[in-house]
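Pasting a predicted model and its sequence here:
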Amino acid sequence: MNGLIDQLSLFWPALLTAMTLAVAGGIGGVLVVLRRQTLLVLSLPQIVTLGAAIGLRMGWPTLPPAIAVVAAAVLLIAWSSTRKASHLILPALFVAGMCLSILVVAGAGAELIQVQNMFVGIDVAVEPNQAIIAGIVLTGIACAIAILWRRWILLAQAPATAELANLRPTRWDLLFLCLISSILLIGTDVMGTALAVVMLFLPAATVLPWAKRVPTALLLAGIAGLLFVLLGFVLSIGMDWPLSQSIGGTGCAAFLLSHLLAR
Amino acid sequence: MNLIELDQTSFGYNGKAIVRVERLPLQSGKSLGIFGPNGAGKTTLVRGLTGLLSPLSGRVSRREEIRIAYMPQHASMESHWPMSGFDAAAMTMSAQRPMGWVGSSRREILNMMTRLGVANLADRAFFKLSGGQQQRILLAGAMVIQPHLLVLDEPTSGLDVHSRRMLVDVLLDFTQQGLTSVMISHEIEDLTEVCDEVAWLCPAGQADQPTRVELVAPDEMAKRLFVNRSAT
């Protein structure tokens, strides 16, 4: 017990960020899964890593180039959606991010290791200030997505009704894309690709078979995400495993169990 | 009095006309059917009528401040979303609210659901209900904003005889009370029972020509279709 408390005092910034990422990712993930945009969750973190790799190579901070590259990717995805080609663009972005981020730092030893660590989320070091800022922003995004839950239903089920009320579905789609991209951007930059992907998919996919309404699914996904983090943290301390992988493993086990019991 | 009037109007996309209308007046309190083969431009015409699509040529007169409700086809909805009957009925009202919140209008929505006999389905999973129940919930949702014009997209598609009868009776009830409606349908029975006139979309012989719209009485259309069918 004392060991756990010692670890908590050491790792609280990482744990706080993981918990807020769990809530924001869980809530955003419900809409991502329902809108069938899971490819987005796989490809954008790779793009964040590409931006961070450019920053590392140039000796800049990692976040500004990551924001720039993600903004360009979001515009590309939004444009491809209007041409019904996002199913081609998203896998292409996934591959581009995965390959180019390594090529950018190829030959630069320390930077290469940092980029590899971003992918797998090992040796995550989060500063207290970074954790607090990320926590506030992620909580704000989670609230925005949750508050607009009826809007997301309307846009998916009756876009013509939305248009007749002067709501522009393409603008709302872009807003949703920006909110999800922000979660992935902050999550990947602070905690690494692995945990960002875990949180935007597994909590939602775990609880959706049990939810009868969207608000219930949002609440359950947030709680599931928090449970994955807490169980993963205990496992990580107890078994001396890396945090992201322990949380991801816990989430995978819960996802499988949920789907076995739901059938 | 005409709610909407099209005069020598054509609608289409990227400068290419899909549908051309000589004259189409939509009178208040009347019901207009839209009939034609797949791909003829029924949706394009409805988008033009409702103002979602600007005309490529001609004139569209539309009364100001017109409130339009759209009733989607239940079969075209995404059934993997977890939704209650109330959530489905609240969609149209939520479109009118800044953040989609309908808390203050809950009673109005439930009252309309009661009127259509579906209030007991408010807490049930929407996509586990029958097609007829789903359509009546969607109709209640569309009617709750008291529209000047109701647009119905294949309202009886996929319904059994009993459910169809119930839905048509409800539509007739609203029409008799002065509702103006536009109904896209492939069902000749629906058009003859509910509509006062039908905009019949007749594709031109050549691919690059827009579909022509002929305004006919529903009985006349049914007669012509029956004669054609008998002849073949």
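Now that the structure is in, tell me what you want to look at.

Show me what the helix or strand of chain B with the lowest mean pLDDT is packed against.
In chain B, the helix or strand scored least confidently by mean pLDDT, DSSP states H and E is helix B:218-231, which has a mean of 82. Packing contacts for helix B:218-231, counted by 3 or more C-beta pairs under 8 Å, 6 or more residues apart in numbering or on different chains; DSSP states H and E, involve helix B:188-194, strand B:197-202. Using the backbone N, CA and C atoms, a C-beta is placed for each residue, glycine as well.

Show me what the mean pLDDT comes to for the first one.
The one in question is helix B:188-194. Average pLDDT, helix B:188-194: 94.

thinking in terms of the whole chain, how far from its middle is that helix?
Helix B:188-194 has its C-alpha centroid displaced from the chain centroid by 13 Å (C-alpha atoms, centre = their mean, to the nearest Å).

before we move on, what about stretch A:167-176?
The answer for stretch A:167-176 is 20 Å, by C-alpha atoms, centre = their mean.

What distance do you get for B:Thr9 to chain A?
19 Å (C-beta to the nearest C-beta, to the nearest Å).

Can you name the residues that contact that residue?
By C-beta atoms under 8 Å, 6 or more residues apart in numbering or on different chains, B:Thr9 lies in contact with B:Arg20, B:Val21, B:Leu24, B:Gly48, B:Pro55, B:Ser57, B:Gly58, B:Arg59, B:Val60.

nearest to chain A, of those?
Chain A lies nearest to B:Gly48 out of the contacts of B:Thr9, by C-beta to the nearest C-beta, at 13.0 Å.

residue contacts, the closest one?
Counting by C-beta under 8 Å, 6+ apart, B:Gly48 has contacts B:Leu6, B:Thr9, B:Phe11, B:Val19, B:Pro55, B:Val60.

6 Å instead?
B:Phe11 (C-beta atoms under 6 Å, 6 or more residues apart in numbering or on different chains).

Quick check: closest non-adjacent residue to the residue nearest the centre of chain B.
In chain B, the centroid-proximal residue (C-alpha atoms, centre = their mean) is B:Leu152; its distance is 1.8 Å. Sequence neighbours aside, B:Met183 is the residue nearest to B:Leu152 in space, at 4.4 Å (criterion: C-beta to C-beta, 6 or more residues apart in numbering or on different chains).

what is the mean pLDDT for the helix ranked longest in chain B?
In chain B, taking DSSP state H as the definition, the longest helix is helix B:161-176. Throughout helix B:161-176, pLDDT has a mean value of 94.

Spell out which parts of chain B neighbour chain A.
Counting by C-beta under 6 Å from any C-beta of the partner chain, the residues of chain B close to chain A are B:52, B:68, B:70, B:72, B:77-78, B:81-82, B:84, B:91-92, B:94-96, B:99-100, B:125.

which intervals of the stretch 51-200 of chain A have sub-threshold pLDDT?
A:122-124 (pLDDT under 70).

sorry, back to before: given the helix or strand the residue nearest to the centre of chain B falls within, what are its sheet partners and their directions?
Applying DSSP states H and E as the criterion places B:Leu152 in strand B:149-153. Strand B:149-153 has the following strand partners under DSSP bridges: strand B:68-71 (parallel), strand B:180-184 (parallel).

Only the C-alpha atoms, please, for stretch B:196-204, written as CSV.
Backbone C-alpha positions of stretch B:196-204 (Å, rounded to 0.1, in the frame of the first residue of the first chain) are rendered in CSV as follows:
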residue,chain,number,x,y,z
ASP,B,196,-54.6,16.8,-54.0
GLU,B,197,-52.2,16.9,-56.9
VAL,B,198,-49.1,15.0,-58.0
ALA,B,199,-45.9,16.3,-59.5
TRP,B,200,-45.1,13.5,-61.9
LEU,B,201,-41.4,13.4,-62.9
CYS,B,202,-41.0,12.1,-66.4
PRO,B,203,-37.3,11.5,-67.4
ALA,B,204,-36.4,13.0,-70.8
